[in-house]
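# Structure, please.
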Amino acid sequence: MDEFAQLLDDLYFTNSNLAKEIILTNYLRQVSDPDRGWTIAAIAGTLSFDLFKRNVIKSLMMERMDPFLFDMSKDYVGEMSETIALAWPQSPEPVRLNRLPELHEVIAEFQSRNKAGIRDYLVLLLDNMTPSQRWALLKLGTRGLRIGMSARSVKLTLAKMKAVEIDVIESIWHGLIPPYLDLFAWIDGRADLPDLSDKLTFSPVMLAHPIDEDKDLPRISPETHIAEWKWDGIRVQLSSNGAETKIFSRKGEDITHSFPDLAGSVTLQGVIDGELLVKTGGELGSFNDLQQRLNKKKPTKALIEKLPAHIIAYDILELENDSLRQETLLVRRERLGEALSETPQSRIDISEILPFESIEDLHYLREQAAQTGGLIEGLMIKDVSSIYVSGRPKHAWYKWKRDPFLLDAVLMYARRGTGKRSSYYSDYTFGLWNEDGELLPIGKAYFGFTDEELKEIDKWVRNHKLQRFGPVQEVEKGLVFEVAFDSAQESKRHKSGYALRFPRIHRIRWDKPAAEADKLSSLEALICT
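The predicted structure is shown next:
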């Protein structure tokens, strides 16, 4: 556990991606199995279990520290695990360990204990650890690790260790499970590449570049590109071998359990890339409708019937064990259309190709997307000669989102950020006026401004304080934000009756009086367009 904590400390305080890879490589070459497998699972976010819950560590701290003092400390530090790691008071008569257990021993011990045993073991470890070791344990145990190293960086590190392309690691990654003993046996030269031919696995998806209107639009023509709607659902990969079907998110998470109605309806054997939505009243629903089914471990029959899952398919990677990834998009689209025609799928439709003859036509289509109330985000424009590869190949696919909706909203509450922003009020709740002159919250945002603007807003908040609600500071109603968002939906969970999709600060309206900010009726009008 000591080596794991030191690794996290080194990675957290290193900015260079290359330096992080070198640090991780050295660790993986020095540490034995299964610790190195659990380590990369923790960093890459592939652990499927918590060792303990966040409320357990908080309750333990409340038994040892005045709750008001803890809340003040957490407000200052900005994050619970780091606060506990720094402020943990040892037990009156702590049990001393001769050595800290290894990482795999810690994981096995937690998994073998009941709730009371987990609390006792957690206290034992925290009593015997330094602050940095406690922080590593708490982050590991709650799967809250954030050290600036992505899953792709981990895969790239492993690929360099074996002197292979990252695509080789990608091809097997999602078919393996922690602690990755077979993966490291291959990397060490003790075994062959793991054989996953009998498993339904995820293939890393192909992504699009945001379009640069000046540089990219001149490259596009009806002879070389196709255009499709960019739906506001979630990107999924559907994989079926005839006997079993799995649905993966764009990051490779198996979400089949949330959409059993879709998985159970598939009779096509192949791998389809598309957008997952739900239907409501026989029509495609909004992202807000889809959210009601996301992350449901076991959706009810009533929910499935109310919001049946549906896929808009726009690509096919495999068909009856025949890989199509090296075929052109034009060929893949033809094969996809033929497959869905020969074997119709009740819950899968092929995406519509939008005809255009000029760039002006594309502008018109993009404007049409803005009239759907957020159901369609914009356009996808794809080179018909492109093959299917992971990542973002240059000039292959473009995404051209419609312009965001904009409203002038009033700052109502501010909260301190976490990490490097823990000293600043950087999380903002804003609202619109109703017809009675009452300000009602419509959303929260914590980005869209520069570091200099953050300092200015923080100074304003401190000079215009009203009531305080724990870590949340109410402020005078005098600062207006121009808020950008992708869509809005009616919501019974919010006092205003609305919820925003992907809100962010677009501009700070220092010049605008709060009384002149928008009303809820303006938001309602945008939803109805």
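# State the helix or strand in which residue 304 lies.
Using DSSP states H and E, residue 304 sits in helix 301-306.
# oh sorry, the question was meant for residue 428
strand 425-433.
# Which helix or strand lies directly C-terminal to that strand?
strand 439-445.
# ok, back up a step: contact partners of the strand holding residue 428?
407, 409-417, 439-446, 454, 457-458, 461-462, 472-473, 481, 483, 496, 505, 517-520, 522-523 (C-beta atoms under 8 Å, 6 or more residues apart in numbering). Quick note: C-beta positions are derived from backbone N, CA and C, even for glycine.
# ok, and for that strand, which residues are buried?
425-433 (16 or more other C-beta atoms under 10 Å).
# what are the C-alpha coordinates of it, in PDB please?
Extracted in PDB, the C-alpha atoms of strand 425-433 (Å, rounded to 0.1, in the frame of the first residue of the first chain):
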ATOM      1  CA  TYR A 425     -16.100  30.600  -5.000                       C
ATOM      2  CA  SER A 426     -16.200  28.900  -8.400                       C
ATOM      3  CA  ASP A 427     -19.500  26.900  -8.400                       C
ATOM      4  CA  TYR A 428     -22.500  29.100  -9.200                       C
ATOM      5  CA  THR A 429     -26.300  28.600  -9.000                       C
ATOM      6  CA  PHE A 430     -28.300  31.100 -11.200                       C
ATOM      7  CA  GLY A 431     -32.000  31.800 -11.800                       C
ATOM      8  CA  LEU A 432     -34.600  33.600 -13.800                       C
ATOM      9  CA  TRP A 433     -37.500  35.900 -12.700                       C
END
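# Next, residue 227: secondary structure please.
When classified by DSSP: H, G, I helix; E, B strand; the rest coil, residue 227 comes out as strand.
# Name all residues that make contact with the spatially closest residue to residue 247 that is not a sequence neighbour.
Residue nearest to residue 247 in three dimensions, not counting chain neighbours: residue 256, with 4.8 Å by C-beta to C-beta, 6 or more residues apart in numbering. Going by C-beta under 8 Å, 6+ apart, residue 256 touches 245-247, 263.
# for the spatially most central residue of the chain, what are its contacts?
Nearest to the mean C-alpha position of the chain, by C-alpha atoms, centre = their mean, lies residue 251 at 8.3 Å. If you count contacts by C-beta under 8 Å, 6+ apart, residue 251 has them with residue 151.
# measure it to residue 236 for me?
11 Å (C-beta to C-beta, to the nearest Å).
# one step back: inside helices: which ones of the contacts of strand 425-433?
454, 457-458, 461-462, 520, 522-523 (DSSP state H).
# For these, give me a markdown table that also has neighbour count, distance to residue 290 and pLDDT.
Putting these into a markdown table (neighbours: other C-beta atoms under 10 Å; distance: C-beta to C-beta, whole Å; pLDDT from 0 to 100) gives the following:
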| residue | neighbour count | distance to residue 290 | pLDDT |
| --- | --- | --- | --- |
| 454 | 18 | 33 | 93 |
| 457 | 22 | 33 | 95 |
| 458 | 18 | 36 | 94 |
| 461 | 23 | 35 | 95 |
| 462 | 13 | 40 | 94 |
| 520 | 20 | 24 | 91 |
| 522 | 15 | 25 | 88 |
| 523 | 22 | 21 | 89 |
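# Closest one of these to residue 28?
residue 454 (37.4 Å; C-beta to C-beta).
# Hmm, the closest one is touching residue 420, no?
No: contact criterion C-beta atoms under 8 Å: residue 454 and residue 420 do not qualify, at 10.5 Å.
# Is it possible to get a markdown table of the ones in helices among the contacts of strand 425-433 that adds distance to residue 490?
Rendered in a markdown table, the data for the ones in helices among the contacts of strand 425-433 read as follows (distance: C-beta to C-beta, whole Å):
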| residue | distance to residue 490 |
| --- | --- |
| 454 | 32 |
| 457 | 30 |
| 458 | 33 |
| 461 | 30 |
| 462 | 36 |
| 520 | 11 |
| 522 | 15 |
| 523 | 10 |
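# and which of those residues is nearest to residue 509?
Top of the list for closeness to residue 509, among those and by C-beta to C-beta, is residue 457 at 11.9 Å.
# Confirm for me that the closest one is in contact with residue 508.
Yes: in this structure, residue 457 is within contact of residue 508 by C-beta under 8 Å, at 6.9 Å.
# any shared contact partners between the two?
449, 479.
# related to what we said a few turns ago, I'd like the mean pLDDT over the strand holding residue 428, please.
Average pLDDT, strand 425-433: 93.
# Might you calculate how far it sits from the centre of the chain?
23 Å (C-alpha atoms, centre = their mean, to the nearest Å).
# From the centre of this protein, point out the most distant residue.
The centre of the chain is farthest from one residue, residue 93, which by C-alpha atoms, centre = their mean lies 43.0 Å away.
# how near is that residue to residue 337?
According to C-beta to C-beta, residue 93 stands 73 Å off from residue 337.
# partners of the next helix or strand after the helix holding residue 304 in the sheet?
Following helix 301-306 in sequence order, the next helix or strand is strand 309-319 (DSSP H and E). With DSSP bridges as the test, strand 309-319 is paired with strand 270-280 (antiparallel), strand 322-323 (antiparallel), strand 348-350 (parallel).
# Make CSV out of those strands and add distance to residue 211 and mean neighbour count.
Shown next, in CSV, are these (distance: least, C-beta to C-beta, whole Å; neighbours: other C-beta atoms under 10 Å):
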stretch, distance to residue 211, mean neighbour count
strand 270-280, 19, 22
strand 322-323, 29, 11
strand 348-350, 23, 19
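# These: lowest mean pLDDT?
When the strands paired with strand 309-319 are compared on mean pLDDT, strand 322-323 scores lowest, with a mean of 92.
# what's in contact with it?
The contact list for strand 322-323, computed with C-beta under 8 Å, 6+ apart, reads residue 317.
# domains in the protein, as residue ranges please.
Following automatic domain parsing, one gets these domains for the chain: 2-141, 209-401, 405-528.
# Mind putting the ones you listed into CSV with distance to residue 159?
Below are these laid out as CSV (distance: least, C-beta to C-beta, whole Å):
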stretch, distance to residue 159
domain 2-141, 10
domain 209-401, 13
domain 405-528, 29
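# among those, which is nearest residue 165?
Short answer: domain 209-401, nearest of the domains of the chain by C-beta to C-beta, at 10.6 Å.
# gap between the two ends of that closest one?
This stretch, domain 209-401, spans 11 Å end to end (C-alpha to C-alpha, to the nearest Å).
# That one: how far from the chain's middle?
Domain 209-401 sits 18 Å away from the centroid of its parent chain (C-alpha atoms, centre = their mean).
# ok so, going back, select only the buried ones of the contacts of strand 425-433 in PyMOL?
Restricted to buried positions by 16+ other C-beta under 10 Å, the PyMOL selection for the contacts of strand 425-433 reads:
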select buried, resi 407+409+410+411+412+413+414+415+416+417+439+440+441+442+443+445+446+454+457+458+461+472+473+481+483+496+505+517+518+520+523
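# What's the local residue count around the spatially closest residue to residue 374 that is not a sequence neighbour?
Distances taken as C-beta to C-beta, 6+ apart put residue 487 closest to residue 374, at 2.3 Å, once the chain neighbours are dropped. Other residues near residue 487 come to 22 when the count uses other C-beta atoms under 10 Å.
# In contact with the nearest residue to residue 359 once chain neighbours are set aside, which residues are there?
Once flanking residues are discounted, residue 359 sits nearest to residue 217: 5.4 Å by C-beta to C-beta, 6+ apart. Residues near residue 217 by C-beta under 8 Å, 6+ apart: 211, 359, 362.
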